[in-house]
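Visitor: give me coordinates for this.
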Amino acid sequence: MQHRGVLLLALLTLLALTSAVAKKKDKVKKGGPGSECAEWTWGPCTPSSKDCGVGFREGTCGAQTQRIRCRVPCNWKKEFGADCKYKFESWGACDGGTGTKARQGTLKKARYNAQCQETIRVTKPCTSKTKAKAKAKKGKGKD
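Guide: Presented below is the predicted three-dimensional model:
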């Protein structure tokens with residue numbers, strides 16, 4: 001009777017082990033990190049609605065294609081894309097002629113093999129000094 005129990009336990013262990021291995025093989029076949037294909041080329045993240053939020057990114061490797069979920073931040077700069085991450089300097093002084101101030105950014109990280117510029121220059125309108133003074137006065141009254 002004791003031998004049957006040990007044999008049954010060994011059989012159940014073997015069955016569970018083969019089931020786990022089969023599940024792991026299925027995950028590898030779907031193009032995951034252990035996939036046979038090593039050089040995936042990923043396209044840009046395309047939001048499902050409007051110009052930001054959750055969307056999909058398509059990747060190709062030989063004859064294989066894959067779609068993965070991605071997210072485009074709603075404050076991204078369309079000129080250089082959501083997959084290009086830059087480190088920016090401080091804002092420069094206001095240019096009186098154009099009414100804008102500028103700063104430069106250097107490429108910190110390119111995600112999903114994105115084609116990014118090494119350095120970029122961005123501008124924004126100068127804030128008027130009256131608004132800055134009004135905000136400073138509001139802050140003083142809360143002490």
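Visitor: going forward, measure contacts between C-alpha atoms and count neighbours the same way
Guide: Noted.
Visitor: any low-confidence regions in the chain?
Guide: 1, 3, 5-35, 76-79, 128-143 (pLDDT under 70).
Visitor: walking through it, point out its strands one by one.
Guide: Using DSSP state E, the strands found in the chain span residues 41-42, 46-47, 53-61, 64-72, 84-88, 100-110, 119-125.
Visitor: could you list the paired strands of the fifth one along with their orientation?
Guide: For strand 84-88, the paired strands and their directions (DSSP bridges) read strand 100-110 (antiparallel).
Visitor: quick one: buried residues of the strand it pairs with?
Guide: 100-102, 104-105, 110 (16 or more other CA atoms under 10 Å).
Visitor: list just the nearest of these to Pro47.
Guide: Closest approach between the buried residues of strand 100-110 and Pro47, by CA to CA: Ala110, at 18.8 Å.
Visitor: mind listing what the closest one touches?
Guide: Contacts for Ala110 were tallied using CA atoms under 8 Å, 6 or more residues apart in numbering; they are 83-85, 116.
Visitor: okay, these in a markdown table with distance to Ile68 and neighbour count next?
Guide: Below are the contacts of Ala110 laid out as a markdown table (distance: CA to CA, whole Å; neighbours: other CA atoms under 10 Å):
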| residue | distance to Ile68 | neighbour count |
| --- | --- | --- |
| Asp83 | 15 | 18 |
| Cys84 | 18 | 20 |
| Lys85 | 20 | 16 |
| Cys116 | 21 | 17 |
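Visitor: let's have these in JSON lines, adding distance to Cys45.
Guide: JSON lines is the format used below for these (distance: CA to CA, whole Å):
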{"residue": "Asp83", "distance to Cys45": "8"}
{"residue": "Cys84", "distance to Cys45": "12"}
{"residue": "Lys85", "distance to Cys45": "14"}
{"residue": "Cys116", "distance to Cys45": "14"}
